[in-house]
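Novice: Any chance you can model this:
(chains A, B and C, ligands or ions: 2)
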Amino acid sequence: MIPFDFEYYRPSSTSEAVQIFMELDAAGKNPRYYGGGTELISMARMNSLSFGAVIDIKAIPECNVLEIDNGHLMLGTTLTLTRLHESNLFPLLAQAGSRVADHTIQSKITLGGNLCGSIIYKEALLPLLLTDTEALIAGPSGMKTRQVNAIFNQSVQLEPAEFIVQLHMAEKYLALPYIHVKKTKQDKINYPLVTICALKNGQEIRVAFSGVSDFPFRCSNMEAALNERSRPIDSRVARALEVMPVRVLNNLEGSADFRRFILTNLLTSVVGSLEADAI
Amino acid sequence: MSDSYIGKDVIRKEAWDKVSGRAKYNSDYSSPNLLHGVLVCSNCAHGYIKRLDYSQAVNMPGVKKILTGADYSILCGSIIQDRPPLAVGKVRYYGEPVALVIAASEAEASAAAVRVVVEYEKLPTVNSPAEAIQAGAPLVHDYLGDYKHVIPEVYPTPGTNIVHQVKIRKGDMQQGWADSVCVIEGSYLLPQADHIAMETRNARAEVLPDGQIIIHSSSQAPFGIRKQISEHFGVELGKVVVHVPLVGGAYGGKAAVQLEFLAVMASMATGGQPVMISNTREQDIMASPGKIGLEARIKLGADAKGILKAGEYTFLLGTGAYADTGPRMGNSIAMNCTGPYKIDNVWCDTYCLYTNHTYVTSFRGFGHSSLTFAVERSMDKLAAAMNMDPLELRRRNLITPGQTSPSQVMMTPSILGNVPACLDKVAKLINWDKGARIRLDNQRIKAKGLACFWKTSNSPTDAFAAAIISFNSDASINLNVGAVKIGPSTKTTLAQILAEIMQVDINKIHVEMEVNTRTSPHHWKTVASMTTFMVGRAVEEAAYDAIHQILSLAAIVLQCAPGDLHMSPGRVYYKDDPGLYVDLADIVHGYKYPNGHTIGSQIIGRGTYVMSRLSPMNKETGQGKTGPYWTPGAQAVEIELNLADYSYKILRAATVLDAGKVLNPASARGLVMGAMGMGLGLGSREYYIYDQEQTLQNSSLRTYKVLRIGEQPEYLVDWIETPHEASAFGERGLAEHGILGIHAALANALSEAAGVELDQLPVLPELIWQKRKEQQL
Amino acid sequence: MKEMLTEGLIYLNINGEVRKTLVRPADTLLFALRERLGLTGAKPGCENGDCGACTVLVDGWPVKSCLMLAVEACDHEITTIEGLNNTPIQREFVEKFAFQCGYCTPGFIMNCQGLINIHPDASDEVINEWLQSNICRCTSYEEITAAVKSALNTVNNDPVS
Ligand code: FES
Ligand code: FES
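Specialist: Ligands and ions are numbered 1, 2, ... in the order given. Next up, the predicted model:
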């Protein structure tokens, strides 16, 4: 039972959404954009979050786009993880999304919700970090486009009134060789101990991580180390871990030391497989 | 009727209600005038309540009343009365209820509950049973010596955290060690865990103008609720009525009386209005009682042939902040401390200890699953030390009739069953002879582990059951017993027993699913896998009572002696001439002669059963017999361990138990497999996680993990049938037993595969990694 | 734009019928079904999306009704366990002993029904992936797996049933 009341709005355009957000905000109602709502509902029930209004953006047509246009895949922000999985237009993203929560909830969790919610793992972000994805953002000053890597950099860098409408990535990435691996403490349905998404773009391997630290990341120094093909994989992985720019997470899922152990193994096998093209 | 109902896969009587959403559980009831109570729970594990301010909350819309510990001075408990329904003065665990908000709707009560402000002055915490027993440990209860004992056989030590102590002294330890050539020792750690019944605990109560208290609860112990409510609120027993509809899983967790007190207090505080209190999942985990924690030390000695000569056992049972049934589980563990092995020299000290964790209550296996883990890990250690096959070591030591248990009960085939037969059969099922450890490649190892178990009950020596059967005019039968309908298809099994004895079609037996303490005959509690035995016996008696009445009446009608008659489906006939008969339907509501004269009336059979020759355990030696018989068994698990990340798959899990007689094979198999699944969950992932401050970290199903579909192994289940002579058709209880040794077998298999001693639960990949790292493997 | 500012009436399309009900914007679909419409087949087990006991179908897809606002469900077709009548999956649950206490059963059956509708050709892997969304604490899952496989078989061999 959610222990407080809030108002519910369902705008039909991005501008309507932003406008109502600003009005509610000005009225001190502490509004939230609402996609799948799974996180808002559960956090509200626990009273760990409170708000005076939600703005459900699922009825905005642009937020539901799923198409390839002009060499780009366009993904609406309110597409559910199930929808991404069933369409399978971007297999790596489909796979990453299909390991978030459980199957039933995946048909409620939206792409944008997974990216912008407060749960730290954001596993659907990893494929986007690897593919130079751009986000179309609606905000008080209209629509704009920004690089996903810039928005999701140690924290979510969006203004309160802004929300992501769509994500665009070049079609060429969709068919590249890829690997998605997720290791958990024990259960299949759980937050990650370590999740890795990797792509092979020509000879270059790109890697992004979730669960390793308190925010998903991709790091060019690590990739440089991993792509130094003249050296044996073990030493490349060791080097990559040395330059890893984050503090390794230590939480209920596992200790930092165990995470390092898992990460080393996974990274070794990911790089090995991608180089052997064994996928 | 030629077909027997015994040994048949009879489908649950309530099956179609359950698959159509029509089955009603307690919280499926709602009514516009129902008030709702929402608990405010402590976020401090041990501390004085410095300030409890509900001034903001009490004026919120819909709020009727806010109760705190100051409103009622009640201390409750089924063994020792140590627990206030709402904390008084101090809190003793994270999650302890400190206030109850009663409002017109759940939304309003929840909204107000978050406005109740509580401040604590933190006290040092007791973090484990081992810490609890240290001299100078902080005291969880300052006035332990003042608490009222509900039963005489509970032995607290005031001024410490020891709420109960049990000893087993059997044989001569000095002799035992002298006869041993090989001695091993091990320490084991089992953290507390949770029942996770899918239906959270809930209760509603209403006080009528004439003082009657009507309670509806999701409970295994309606008669226990009635007794405790009557006692604590000073209301005559007969004026308290407890209703229990279908229960959505319990596993022991719904035998404790907790929310019922709060619901009654809430109703009293609001002029007798009906009030519902329903745990959220988080409250069900942190505020309502869970499973015991156990720290065990076991030392075993064996002679050159591997024959056990001495066993020394120390068990520190963590009962959390309050005792509930913890002391009785301490008895249970002590009484069966050796496992199903013959040891002449036994020394066991069991302490039941308070800690600043969620308190505990009975849990599937009543202490035996934790006990079995420690015993069976020890047996594997002994086998390794003696360089013996773990199967062979067990075979040589299994207890057999003619020997005595640790509490010195003389074993007979009827009392004990056949343990060696169980072990042999399970070894075959798991293909033990094909190798206990197989290296598949440089990353993967397959391994097997074994465990043997036994369990008897530890119920009050005067616990009894009763049954009433009444005939409808169409000769169908209503069966009314005081046992609660939870998961095991007990009521269907009882109908099978009745159908078999009365020779009636099982579809003509209508079982009352709900328990109502005013109209249902008494049954102490639906626990301990004892229901089919105890109530089964009562049903048997009731059936014979009814048959006697029917034959007597039919004898008059057919002008012969009752002994000349026989029951067959639908009729009673003259043995010498089956053509001479009277239809059942013509006599079960009395027989009417053509002239209108009538003899007899409704046939109502009654039966009761009390277990015989039970005695509590002696304080100094543990001697005593607390249960009528044992159900023993053996289990095995096969796993595949991946050395790259220490993840593992549970491939196969096998159980063979001596069921006496399997009355309903499909249900029995389901119960055993379900219990195995729960045990594998406990073995591999389930535990309460506490931080430094003893804050429970995993009180939701997001973080408290249980087995899900696809994670289960292939299940192999089989039976040995050595009748328990005193039971209906010879059956032995089996609802809990699938859990008992399964995590021991799992840990044995994983220890074998990983080459390290995995002596604590749950076995997580990180634990295996940690242990191997410590040993630099 | 549609909006709901305070407690009020909404219309829900449930089991083929339009039903009027009074909810707060903050009420979940689970609450509306159980407390307002008396459809108590969907059960609360966690109200946090973790257990699946509250699963219903929304436009044919399984949804955890504890994680959907009632107001969000307007304009969608909802099917609850009460809307199933003697279906193959219900029969198989009975015959395969796929429940004990039965509390998780309506949620499991609705998830299975969704699977049967959407992927009647589901592989073992897909069956597991879908059903992992639900928890049963009584059974071993072996019986539930057997029931859904058998129901899929029935449906595939006799699409009318
Ligand atoms: S109650 Fe909805 S998932 Fe548990
Ligand atoms: S049948 Fe009890 S939880 Fe599934």
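
Novice: roughly how far out does the lengthiest helix in chain C sit from the chain middle?
Specialist: The longest helix of chain C (DSSP state H) is helix C:142-157. Distance of helix C:142-157 from its chain centroid, counting by CA atoms, centre = their mean, to the nearest Å, is 17 Å.

Novice: Only C-alpha atoms, please: export that helix in CSV.
Specialist: Only the C-alpha atoms of helix C:142-157 are listed here, as CSV (Å, rounded to 0.1, in the frame of the first residue of the first chain):
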residue,chain,number,x,y,z
GLU,C,142,8.7,-30.3,-11.1
GLU,C,143,4.9,-30.7,-11.0
ILE,C,144,4.3,-27.1,-12.3
THR,C,145,6.7,-27.7,-15.2
ALA,C,146,5.0,-30.9,-16.0
ALA,C,147,1.6,-29.2,-15.9
VAL,C,148,2.6,-26.4,-18.3
LYS,C,149,4.3,-28.7,-20.7
SER,C,150,1.3,-30.9,-20.8
ALA,C,151,-1.1,-28.0,-21.3
LEU,C,152,1.1,-26.7,-24.1
ASN,C,153,0.8,-30.1,-25.7
THR,C,154,-2.9,-30.2,-25.4
VAL,C,155,-3.3,-26.7,-26.9
ASN,C,156,-1.0,-27.5,-29.8
ASN,C,157,-2.8,-30.7,-30.6
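
Novice: does that helix come close to chain A?
Specialist: No: if you take CB under 8 Å from any CB of the partner chain as the test, helix C:142-157 misses chain A, and the best it gets is 13.5 Å. For the C-beta atoms, the positions are set from N, CA and C on the backbone; glycine is no exception.

Novice: Can you mark which positions in that helix are buried?
Specialist: If you call a residue buried by 16 or more other CB atoms under 10 Å in any protein chain shown, then helix C:142-157 has these buried ones: C:142-148, C:150-152, C:154-155.

Novice: go on, stretch B:81-91?
Specialist: By neighbour count on 16+ other CB under 10 Å, the buried set for stretch B:81-91 is B:81-88, B:90-91.

Novice: Can you give me the end-to-end span of it?
Specialist: 16 Å (CA to CA, to the nearest Å).

Novice: do stretch A:222-236 as well
Specialist: Per CA to CA, stretch A:222-236 runs 9 Å from first to last residue.

Novice: just stretch B:269-277 next, same as before
Specialist: OK, stretch B:269-277 end separation, CA to CA: 14 Å.

Novice: Could you do stretch B:20-40 as well?
Specialist: Distance between the boundary residues of stretch B:20-40 (CA to CA) amounts to 35 Å.

Novice: Show me what the one helix or strand B:Leu353 maps to is packed against.
Specialist: Here B:Leu353 sits within strand B:345-354, counting by DSSP states H and E. On a contact count with 3 or more CB pairs under 8 Å, 6 or more residues apart in numbering or on different chains; DSSP states H and E, strand B:345-354 meets helix B:129-133, strand B:162-170, helix B:173-178, strand B:308-320, helix B:326-335.

Novice: Partner strands of it and their direction?
Specialist: Strand pairing for strand B:345-354, using DSSP bridges, gives strand B:162-170 (antiparallel), strand B:308-320 (parallel).

Novice: between these, which one is nearest to ligand 2?
Specialist: strand B:308-320 (24.6 Å; CB to the nearest ligand atom).

Novice: Okay, helices next: where are they in chain A?
Specialist: For chain A, applying DSSP H gives helices covering A:14-26, A:38-45, A:81-87, A:91-97, A:103-106, A:111-116, A:125-130, A:148-151, A:220-226, A:233-243, A:256-276.
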